[in-house]
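1. turn this into a structure:
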Amino acid sequence: MSDSSSVDELRQNKDDDDALELNKDLERMIEDAENMSVQLTWMAYDMVALRTNPELGASMLKLEEAYQRCRAAVCADRDQEPEPGKCPD
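-> Predicted coordinates:
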């Protein structure tokens with residue numbers, strides 16, 4: 001009797017290990033699919049925005065540079081770069 005119970009326990013442990021491995025694989029695949037979805041969404045957004053107005057990319061760069069200059073002026077000395085945690089976004 002003790003042999004059959006130990007065999008059952010081993011089989012149960014193997015089934016549990018297989019289920020955990022399957023869950024990890026599924027979680028990894030879901031995360032990869034989510035990341036791909038986000039990338040495709042940004043690509044589609046960029047394509048629509050650039051086709052709508054080709055000057056939008058240049059305008060966005062200018063806006064980003066202006067934001068960085070303003071943030072540096074408000075959050076830090078003019079000689080230093082702002083520290084990431086020093087000023088709230």
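2. flag the shaky bits of this structure, pLDDT-wise.
-> 1-4, 54, 77-89 (pLDDT under 70).
3. need the residue closest to the centroid of it.
-> N35 (6.6 Å; C-alpha atoms, centre = their mean).
4. what about that one, which helix or strand?
-> Mapping N35 onto the secondary structure by DSSP states H and E places it in helix 2-52.
5. which element follows that helix toward the C-terminus?
-> If you walk from helix 2-52 toward the C-terminus, the next helix or strand you reach (DSSP H and E) is helix 56-75.
6. CA atoms only for that following helix, dumped as CSV, please.
-> In CSV, the C-alpha atoms belonging to helix 56-75 read as follows (Å, rounded to 0.1, in the frame of the first residue of the first chain):
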residue,chain,number,x,y,z
LEU,A,56,3.3,67.4,-36.3
GLY,A,57,6.5,65.4,-35.7
ALA,A,58,8.7,68.6,-35.8
SER,A,59,6.2,70.4,-33.6
MET,A,60,6.2,67.6,-31.0
LEU,A,61,10.0,67.7,-30.9
LYS,A,62,9.9,71.4,-30.3
LEU,A,63,7.3,71.0,-27.6
GLU,A,64,9.3,68.3,-25.9
GLU,A,65,12.4,70.5,-25.9
ALA,A,66,10.5,73.4,-24.5
TYR,A,67,9.1,71.2,-21.8
GLN,A,68,12.6,70.0,-20.8
ARG,A,69,13.9,73.6,-20.6
CYS,A,70,10.9,74.7,-18.5
ARG,A,71,11.3,71.7,-16.2
ALA,A,72,15.0,72.3,-15.8
ALA,A,73,14.3,76.0,-14.9
VAL,A,74,11.6,75.1,-12.4
CYS,A,75,13.1,72.0,-10.8
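7. okay, buried residues for it please.
-> Of the residues in helix 56-75, those buried by neighbour count under the rule 16 or more other C-beta atoms under 10 Å are 72, 75. Every C-beta, even on glycine, is put in place using the N, C-alpha and C of the backbone.
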